[in-house]
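Enquirer: what's the 3D shape of this:
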Amino acid sequence: MPDLGSLFDQHVALQFEAKDADATMETMVDHPTVIHVPVLTGGRNTAELHKFYRESFIPAMPEDTVVEQVSRTVGAERAVDELIIRFTHTVEMPFWLPGIAPTGCRVEIPLVVVMGFEEGKVASEHIHWDQASLLSQIGLLDTTNLPITGGTQAQALVDSDIALNELIAAAG
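Expert: Below you'll find the model as predicted:
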């Protein structure tokens, strides 16, 4: 059985470190699916997804992007990573913020990636995050009187010394 965690890491490294759409596609099955769930970007076949990686995703990732793994769960056909992504919104990001000009704001947001595999290759990725908290961090959503925590979500996941009620009070 292939090491799904290693396959996951290789696939992600080709996007974020090598910034190579062609090599990224070589880690995938012939008809893969990638869906950024909150905004429905990505692709449902090889040609569409290759274009997405080449034109919309890889070149539009801010230079200071850092991804921190919080947890990983691996099953027989899937690997699920809970991550925190941090970046400064210095470029247009059509994959997460379609039609939104750079704001220069710092973002820190948890996300979950559910990666499915077939025959040792990536078959699907479903990427989930809280779009309201992302929009609040770039100044496009007023969270006054709304139960939206913004960047505090990421802090809550990695800093176990802070009581959640303290984080909620600080975010409010």
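Enquirer: can you give me the helices in the protein?
Expert: Ranges of helices within the chain are 4-16, 21-26, 46-51, 131-137, 152-158, 164-171, based on DSSP state H.
Enquirer: and those helices, which is most packed in?
Expert: helix 131-137 (a mean of 21; mean count of other C-beta atoms under 10 Å). For glycine as for every other residue, the C-beta is placed from the backbone atoms N, C-alpha and C.
Enquirer: For the nearest residue to residue 62 once chain neighbours are set aside, give the beta-bridge partners.
Expert: Of all residues not flanking residue 62 in the chain, residue 87 sits nearest, at 4.2 Å (C-beta to C-beta, 6 or more residues apart in numbering). Residues in a beta bridge with residue 87, per DSSP bridges, are residue 107.
Enquirer: Residue 87 reaches residue 68, doesn't it?
Expert: No - Residue 87 is beyond contact range of residue 68, at 11.8 Å (criterion: C-beta atoms under 8 Å).
Enquirer: sorry, back to before: with distance to residue 146 and mean pLDDT as added columns, please give the helices of the chain in TSV.
Expert: Formatted as TSV, the helices of the chain follow (distance: least, C-beta to C-beta, whole Å; pLDDT from 0 to 100):
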stretch	distance to residue 146	mean pLDDT
helix 4-16	32	95
helix 21-26	37	97
helix 46-51	34	96
helix 131-137	8	96
helix 152-158	13	86
helix 164-171	11	64
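Enquirer: Looking at residue 87 and residue 68, which is more packed in?
Expert: With neighbours defined as other C-beta atoms under 10 Å, residue 87 and residue 68 compare such that residue 87 has more, 20 against 14.
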